[in-house]
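In: Kindly generate the corresponding structure for this input.
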Amino acid sequence: MSQLVLRLKAFGNSELAWRFRNSPPVIFAAVVLIVLVFCAAAANLIAPHNPFDPATLNIMDARLPPAWIDGGSSTYLLGTDEQGRDILSTIFYGMRVSILVGIAAVAFSMTIGVALGLIAGYLGGWVDTVIMRLGDIQLSFPTIMIAFFIDGVAKIVMPIGMREEMRFYVVILAIGVADWVQFARTVRAATMIERRKDYVAAARISEVSGVRILLAHILPNTIGPVLVLATLGLGVAILTEAILSFLGLGMPPSQPSLGTLIRAGNDLLLSGEWWISLFPGAALVLLVLAVNIVGDWLRDVLNPRLR
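Out: Prediction:
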């Protein structure tokens, strides 16, 4: 317990903590991010209603405006959609799906990119050339096109009954496959620098295996840039998932994300029910903006050239 207290005190006196305390916009963004993540994670506990329980839905409450507008109800603070679901509750549940997809997609792309970057930077030669050229080819295809391709293949391979429940994994695969190149390039550059240092040469003389050198010696020295890329990539992944869902390639209505909710309300936007798409859209903007602000701050703090 005493060691934990000492570590916390040491962190509190570190340069990272000092720069955080002296960055009010970052503090505000971090607080907003924590609140949003908490609301998403505890949606089952804090959401006013369960929007996916048919027994609790009343079609007579469909398309109610927010509570502060004439015709609204205090039971539904942000109004209801065309099925009578509480907008605030659907935002909590939809945000949880968006965050889970974003984290899983970034973890998938990071795993692929870090592994290929380590191999390319350490081995060099034709292996490095092949991996980097594959990355160049990958960058020539936009994420939307890759999502179309993977979605089409999934529809051919999977039985009809499994398509909707497997959509979560298809979206993660589409985003992850599209974003691995930036991790690979960053780790490759760091690996090419680290492999020339004395501690790597000493490990080779000691007949340490190449896999152990990569995982135990080189990989820890590339974690900083990778974490920054992962933080910034999280916002991009969440936004990409929302775009895919808006286009009908993302999460299904049975597992709606923020993008799915925006798409559902888009058809009713011009008919006067603006709150159905506006509030999920505002939640998406707030979530991505908070992630990006924290990610930009981490990039500046961990980059010695910007200190």
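In: for the most centrally placed residue in the chain, what are its contacts?
Out: Of all residues in the chain, the one closest to the mean position by C-alpha atoms, centre = their mean is G102, 2.6 Å from it. Residues near G102 by C-beta atoms under 8 Å, 6 or more residues apart in numbering: L234, G235, A237, I238, E241. Bear in mind the C-beta positions are built from the backbone N, C-alpha and C, glycine included.
In: Which parts of the stretch 201-307 of the chain are helices?
Out: Taking DSSP state H, counting those that start in this stretch, the helices of the stretch 201-307 of the chain run over residues 210-212, 223-246, 258-266, 275-302.
In: Mean neighbour count, those: which tops it?
Out: Mean neighbour count (mean count of other C-beta atoms under 10 Å) peaks for helix 258-266 among the helices of the stretch 201-307 of the chain, with a mean of 25.
In: Among the contacts of G102, which one sits closest to D136?
Out: Nearest to D136 among those: A237, at 21.5 Å, using C-beta to C-beta.
In: check contacts around the closest one.
Out: Applying C-beta under 8 Å, 6+ apart to A237 gives the contacts V101, G102, A105, V106, I175, D179.
In: Model confidence for the second one, exactly?
Out: The reference is to G102. For G102, the pLDDT comes out at 93.
In: Next, E165: secondary structure please.
Out: Following DSSP: H, G, I helix; E, B strand; the rest coil, E165 is assigned to coil.
In: Next, count neighbours for it.
Out: 12 (other C-beta atoms under 10 Å).
In: so what's it up against?
Out: E165 neighbours (C-beta under 8 Å, 6+ apart): none.
In: I'd like the distance between it and V101.
Out: Counting by C-beta to C-beta, to the nearest Å, the gap from E165 to V101 is 14 Å.
In: just to revisit the earlier point, can you lay out the helices of the stretch 201-307 of the chain as TSV showing mean pLDDT?
Out: Below are the helices of the stretch 201-307 of the chain laid out as TSV (pLDDT from 0 to 100):
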stretch	mean pLDDT
helix 210-212	81
helix 223-246	88
helix 258-266	86
helix 275-302	89
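In: ok, V157 - how many residues close by?
Out: 10.
In: For it, what are phi and psi?
Out: phi -80, psi -40 (degrees, to the nearest 10).
In: Name the next helix or strand downstream of the helix or strand that L88 is a member of, please.
Out: Per DSSP states H and E, L88 falls inside helix 87-123. Following helix 87-123 in sequence order, the next helix or strand is helix 125-139 (DSSP H and E).
In: and the angle for that next one with helix 87-123?
Out: Here helix 125-139 runs at an angle of 150 degrees relative to helix 87-123 (axes from the mean of the first three to the mean of the last three C-alpha atoms, to 10 degrees).
In: In helix 125-139, which residues are buried?
Out: For helix 125-139, the buried set under the neighbour-count rule, 16 or more other C-beta atoms under 10 Å, comprises D128, I131, M132, G135.
In: what's that helix packed up against?
Out: Judged by 3 or more C-beta pairs under 8 Å, 6 or more residues apart in numbering; DSSP states H and E, helix 125-139 is in contact with helix 87-123, helix 180-194.
In: any residues touching that helix, and which ones?
Out: For helix 125-139, contacts defined as C-beta under 8 Å, 6+ apart pick out L116, I119, A120, G121, V177, A178, W180, V181, A184, R185, R188.
In: Mind putting the contacts of G102 into CSV with distance to L57?
Out: Shown next, in CSV, are these (distance: C-beta to C-beta, whole Å):
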residue, distance to L57
L234, 33
G235, 33
A237, 31
I238, 27
E241, 26
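In: In terms of distance to D81, which of those ranks first?
Out: So of the contacts of G102, ranked by how close each gets to D81 (C-beta to C-beta), first place is E241, at 20.0 Å.
In: Just give the nearest non-adjacent residue to the closest one, would you?
Out: V101 (4.8 Å; C-beta to C-beta, 6 or more residues apart in numbering).
In: What of I150?
Out: In space, I150 is closest to A174, 4.6 Å off (C-beta to C-beta, 6+ apart).
In: in which helix or strand would I find the one you found?
Out: helix 167-178.
In: ok, back up a step: please convert the helices of the stretch 201-307 of the chain to a markdown table, extending it with distance to M95.
Out: Below are these laid out as a markdown table (distance: least, C-beta to C-beta, whole Å):
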| stretch | distance to M95 |
| --- | --- |
| helix 210-212 | 39 |
| helix 223-246 | 9 |
| helix 258-266 | 6 |
| helix 275-302 | 6 |
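In: mind listing what D86 touches?
Out: D86 neighbours (C-beta under 8 Å, 6+ apart): A47, P48, H49, P51, T75, Y76, L77, L78, T80.
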